[in-house]
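Engineer: starting from these lines, generate the structure:
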Amino acid sequence: MKDDRIFIDTNVLVYAFDISAGIKHKKAKEIVENCWRLENGVISSQVLEEFFVCLTKKIPAPVDSIIVKQIIRDFLKWRTVAIDGDIILEAINIHIKHKFSFWDSLIVASAVSGRANIIFSEDLSDSQIIEGIVIKNPFSELIAEEHI
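Structural biologist: Numbering: from 1, shown residues only. The predicted structure is shown next:
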C-alpha cells in the first residue's frame, strides 16, 4: 500500500475521531494512521468542510471548533484537492455516467484530480472501480462479522 494514494472520504475521517463509533472508530483510526505513516493520504476541501461540521455538530460528543481547526491544519499537510470549476464539471460527468449523487461524484472527481488509486468510503459500492479508482468500504468486513 506504500505506492497507493489513498483518498479518504468524510465518513472514514469522522469515524477516526469519533470514539463513540466503536469498531468503525478503531478501523478508521488505523487507516488514517497508516496514511500518515506512509505519507499517501489524499483529501479534498469538501471532505475537510464536512469533517468540520460533523465533528463540531453531528457526533454524540462534539469536539471544540478550535481543536478541529488544528486537526484540519494538520490534514492540510496531505495532498489536498481544492474543489474548482474543472472538478465540479468532472463530477457532473461522473454523476451523469454512473448515476451517483452529485456529492459522491465530487468525491470521485477529487480523487481523480488527486491521482488517488483507492477511495476509502462507506458510501460507494465496495470493490467497484470508477474512473480507474478502486472503491473500498473498510467497514464491509466488520459489518459481515457482526451478522455471523
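
Engineer: what residues of stretch 63-78 count as buried?
Structural biologist: For stretch 63-78, burial by neighbour count (16 or more other CB atoms under 10 Å) applies to 63, 68, 71, 72, 75, 78. C-betas here are computed from N, CA, C, even on glycine.

Engineer: with distance to residue 108 and pLDDT added, can I get the residues you listed in CSV?
Structural biologist: As requested, the buried residues of stretch 63-78 are exported to CSV (distance: CB to CB, whole Å; pLDDT from 0 to 100):
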residue, distance to residue 108, pLDDT
63, 28, 96
68, 25, 98
71, 24, 98
72, 22, 98
75, 20, 98
78, 18, 97
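
Engineer: just those: which are in helices?
Structural biologist: Judged by DSSP state H, these include 68, 71, 72, 75 as members of helices.

Engineer: and the pLDDT for residue 93?
Structural biologist: Note on residue 93: pLDDT of 97.

Engineer: check which helix or strand it maps to.
Structural biologist: Here residue 93 sits within helix 85-98, counting by DSSP states H and E.

Engineer: next SSE after that helix?
Structural biologist: Assignment by DSSP H and E places the next element after helix 85-98 at helix 102-113.

Engineer: partner strands of the helix or strand that that next one is followed by and their direction?
Structural biologist: Following helix 102-113 in sequence order, the next helix or strand is strand 118-120 (DSSP H and E). Paired with strand 118-120 in the same sheet, following DSSP bridges, are strand 6-8 (parallel), strand 133-136 (parallel).

Engineer: please identify the deepest-packed of those strands.
Structural biologist: Among the strands paired with strand 118-120, judged by mean count of other CB atoms under 10 Å, the one packed with the most neighbours on average is strand 6-8 (a mean of 28).
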